[in-house]
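Peer 1: missing the sequence, but the structure's below:
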């Protein structure tokens, strides 16, 4: 989840909020679309507050690249600090189905985020934290919550080696000469794939057509048996005559000083409900990790200086005693249930959840 400092605008020059349009493994342009922006601050409220009324997406001027469109917020100086969302409806073709995409984000205190909120990462919203009881509305400071959520979310990325929401970026990968290209960055959708080499005129590139390669991102479409997030693959295809396209003199995945540039949207996200199997969803932050961040938030709010080790590491508490009674717990740090689990938070009940999302270890044989 992204953040925007109060007073900062999402614009074409600063596209902090973006519609990501995919169809299968590729980013695709939309035919038309519109959006509203809502504020969700009070967890007891029965409806959201609209801060930007229905606004059409200009498919020409708002377009950033294939399948990416800037969401324009206008002035945000009057917006409340806390959780907001963009609700987008769009069509891929004229007369086609309507698709829905929701972009959650946080409005941040400008003084704390002089970069406009660009560095903020949050794997649980303040609204969700209030609703779930990780924080108390009206008592806990949203400003402090943003600081803690951001810190814990960045730690999750560092511990696991993954990002857990969609981000657009370019990867430069070396191939091994086969017709497969593998990356540890989970692919949501590819916008362009180029073969890069250095010629007499500097860097040169050949851009592949989408029909020349296949992107494996089946997990986004509910195919649980084909979870491609740990090792996402792009496969170079063959032409109608059974010959690989790279026999045309354009090798697909070359090592050494040649590189493959893959521009697209990446992120370790869980599948969203898609009853129509439209292959347009971009996924959501895994719920177990949102809960981990919520628990860490709760413990930090109660004991910011970590002066109570029992509260910070409940999973490691073996026993507790008062004047009148005592209790011993199963599942302490000596239990074989947690053997081999790395220490992240110090609480094995949380560490075992985090460990499940860690990037696979690379093993190189000499």
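Peer 2: Nice, thanks for sending it over. As the structure is a prediction and not an experimental result, all values here were calculated from the model.
Peer 1: ok, so what distance separates the residue of the chain most remote from its centre from residue 54?
Peer 2: Largest separation from the mean C-alpha position in the chain: residue 324, at 48.7 Å (CA atoms, centre = their mean). Remark: distance between residue 324 and residue 54 (CB to CB, to the nearest Å) = 62 Å. Every C-beta, even on glycine, is put in place using the N, C-alpha and C of the backbone.
Peer 1: list the buried residues of the one helix or strand residue 50 maps to.
Peer 2: Under the criterion DSSP states H and E, the helix or strand holding residue 50 is strand 49-56. By 16 or more other CB atoms under 10 Å, the buried positions in strand 49-56 come out as 51, 52, 55.
Peer 1: hey, what's the second one bridged with?
Peer 2: When bridges are taken as DSSP bridges, the partners of residue 52 come out as residue 37.
Peer 1: does it touch residue 34 like I think?
Peer 2: No. Residue 52 is beyond contact range of residue 34, at 10.8 Å (criterion: CB atoms under 8 Å).
Peer 1: list the contacts of the residue farthest from the centre of the chain.
Peer 2: By CB atoms under 8 Å, 6 or more residues apart in numbering, the contact list for residue 324 is empty.
Peer 1: find me the pLDDT at it, would you?
Peer 2: You'll see residue 324 listed with a pLDDT of 81.
Peer 1: just residue 4 next, same as before
Peer 2: 97.
Peer 1: gap between whichever helix or strand it is part of and the chain center?
Peer 2: Element membership of residue 4 [criterion: DSSP H and E] is strand 2-5. Offset of strand 2-5 from its chain centre (CA atoms, centre = their mean, to the nearest Å): 14 Å.
Peer 1: partner strands of the following helix or strand past it, parallel or antiparallel?
Peer 2: For strand 2-5, the following helix or strand on the C-terminal side (DSSP H and E) is strand 18-20. Strands that pair with strand 18-20, judged by DSSP bridges, come out as strand 68-70 (antiparallel).
Peer 1: residue ranges with poor pLDDT in the stretch 201-350 of the chain?
Peer 2: Scanning the stretch 201-350 of the chain for pLDDT under 70 picks out 222-226, 238-258, 305-318, 329-339.
Peer 1: what does the strand holding residue 50 contact?
Peer 2: Residues from elsewhere that reach strand 49-56 (CB under 8 Å, 6+ apart): 32-41, 72-74, 79, 84.
Peer 1: which is the next helix or strand following that strand?
Peer 2: strand 63-65.
Peer 1: only the buried residues of that next one, if you could.
Peer 2: In strand 63-65, counting by 16+ other CB under 10 Å, buried: residue 63.
Peer 1: for stretch 131-147, same thing?
Peer 2: 132, 134, 135, 137, 140, 142, 144, 145, 146, 147.
Peer 1: who's in contact with residue 203?
Peer 2: 196, 197.
Peer 1: my read is it is in a strand, agree?
Peer 2: Yes. Residue state for residue 203 (DSSP: H, G, I helix; E, B strand; the rest coil) corresponds to a strand.
Peer 1: please name the bridge partners of it.
Peer 2: Bridge pairing for residue 203 - DSSP bridges - gives residue 198.
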